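Asker: using only what follows, build the 3D model:
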Amino acid sequence: MKALLYNELVSWYRFLDPFEDHGEEADAFIEAFDRAVTPRPETLLELGAGAGHNGFHLKRRYRCTLTDVSPAMQGLSRELNPECEHIAGDMRTLRLDRTFDAVLVHDAIVYMTTEADLATAAATAFIHTRPGGAAIVAPDCVAETFAEHTELYEGGDGKRELRAMEWSWDPDPSDDTYTVEYAFLLRDGSDVRAVHDSHVEGLFPRATWVRILTEAGFEVETMRRPIGDGAHDDVFLCRRPAV
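Answerer: The predicted structure is shown next:
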């Protein structure tokens, strides 16, 4: 099923996820890359860059190449980051025939719903990381940290207003996926409509993440990522050996 949020509803996306909210997380990524990569990293590739919200903050430090499978989301990113290189591509199959000092795979990695898909995305990240470089792979959660939850959102510009509920739940705890349901109320002028959008996302144990990233060729450790209100979670910092 095609996710409406990244296609028909893309003009509403920034009301749901303002780019300003990504600054603290981007600072943590910059600190980790600067610590892990020698010499000082200068180039960065983001796989699944979406609307370019990470890129907006990372471009002050790196020359960024932003890739995504959704043309509509790349349109948003080009508006926000016109100075960045944009390339359409699927993180499972993208091959640019060049490497980067740093590679970021943010929450788009959750759309890898099988171990085979996850392995192909990990291979793409490794192939594009230069020897001595590093990748950060940042899923929303791992199996050990997943819990059913609901979040509420609101945003708008006066004429167009969004109210939304996001409900994450696991229909079958025995498999490797969970479901995120979005219920949107969208007001454009005096017209209001309701939209339901359902996303199936991958859910793997921490050990599976480490195994697959290691099999791709990385040396894997965890790093703390700020997730708002003083809270943190752990994501994966993956070094490609220099030789």
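Asker: where do the strands of this structure begin and end?
Answerer: When assigned using DSSP state E, the strands of the chain occupy the ranges 43-47, 63-68, 85-88, 100-105, 129-137, 149-156, 160-169, 177-188, 191-202, 219-228, 231-239.
Asker: domain parsing for this protein?
Answerer: 4-140+204-239, 149-202 (automatic domain parsing).
Asker: put together JSON lines for the ones you listed, with mean pLDDT and mean neighbour count on each row.
Answerer: (Each C-beta comes from the backbone N, C-alpha and C, glycine too.) Listed next are the domains of the chain as JSON lines, based on pLDDT from 0 to 100; neighbours: other C-beta atoms under 10 Å:
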{"stretch": "domain 4-140+204-239", "mean pLDDT": "97", "mean neighbour count": "19"}
{"stretch": "domain 149-202", "mean pLDDT": "97", "mean neighbour count": "14"}
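Asker: re the thing from before, figure out which of the strands of the chain is closest to Ala28.
Answerer: Closest approach to Ala28 among the strands of the chain is made by strand 219-228 (5.5 Å; C-beta to C-beta).
Asker: partner strands of that closest one, parallel or antiparallel?
Answerer: Counting by DSSP bridges, the strands paired with strand 219-228 are strand 231-239 (antiparallel).
Asker: contacts for the strand it pairs with?
Answerer: Outside of strand 231-239, the residues within contact range by C-beta atoms under 8 Å, 6 or more residues apart in numbering are 32, 36, 125-126, 129, 133-139, 141, 145, 209-210, 213, 218-227.
Asker: looking at the strands of the chain, which is closest to Thr114?
Answerer: strand 191-202 (7.4 Å).
Asker: endpoints of stretch 45-65, how far apart?
Answerer: Using C-alpha to C-alpha, to the nearest Å, one end of stretch 45-65 lies 5 Å from the other.
Asker: tell me how far it lies from the chain's centre.
Answerer: 11 Å (C-alpha atoms, centre = their mean, to the nearest Å).
Asker: same deal with stretch 225-236?
Answerer: Its chain's average C-alpha position is 14 Å from that of stretch 225-236, according to C-alpha atoms, centre = their mean.
Asker: need the CA coordinates for it. CSV is fine.
Answerer: Presented in CSV, the C-alpha positions along stretch 225-236 are these (Å, rounded to 0.1, in the frame of the first residue of the first chain):
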residue,chain,number,x,y,z
ARG,A,225,20.4,10.2,20.3
PRO,A,226,18.3,12.9,21.8
ILE,A,227,14.6,12.4,21.2
GLY,A,228,13.1,15.4,22.9
ASP,A,229,12.2,16.5,26.4
GLY,A,230,15.6,15.4,27.7
ALA,A,231,15.1,11.8,26.7
HIS,A,232,17.5,9.7,24.6
ASP,A,233,17.6,6.4,22.8
ASP,A,234,20.4,4.3,21.2
VAL,A,235,21.1,4.1,17.5
PHE,A,236,23.9,2.5,15.5
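Asker: report the contact partners of the closest residue to Val243 other than its chain neighbours.
Answerer: Nearest residue to Val243 in three dimensions, chain neighbours excluded: Pro131, at 6.5 Å (C-beta to C-beta, 6 or more residues apart in numbering). Taking C-beta under 8 Å, 6+ apart as the criterion, Pro131 is in contact with 99, 240-243.
Asker: phi, psi of Gly50?
Answerer: Per-residue torsions, Gly50: phi 60, psi -130 (degrees, to the nearest 10).
Asker: how close does it sit to Asp234?
Answerer: With distances taken as C-beta to C-beta, to the nearest Å, Gly50 is found 22 Å from Asp234.
Asker: what do you get for Asp157?
Answerer: 36 Å.
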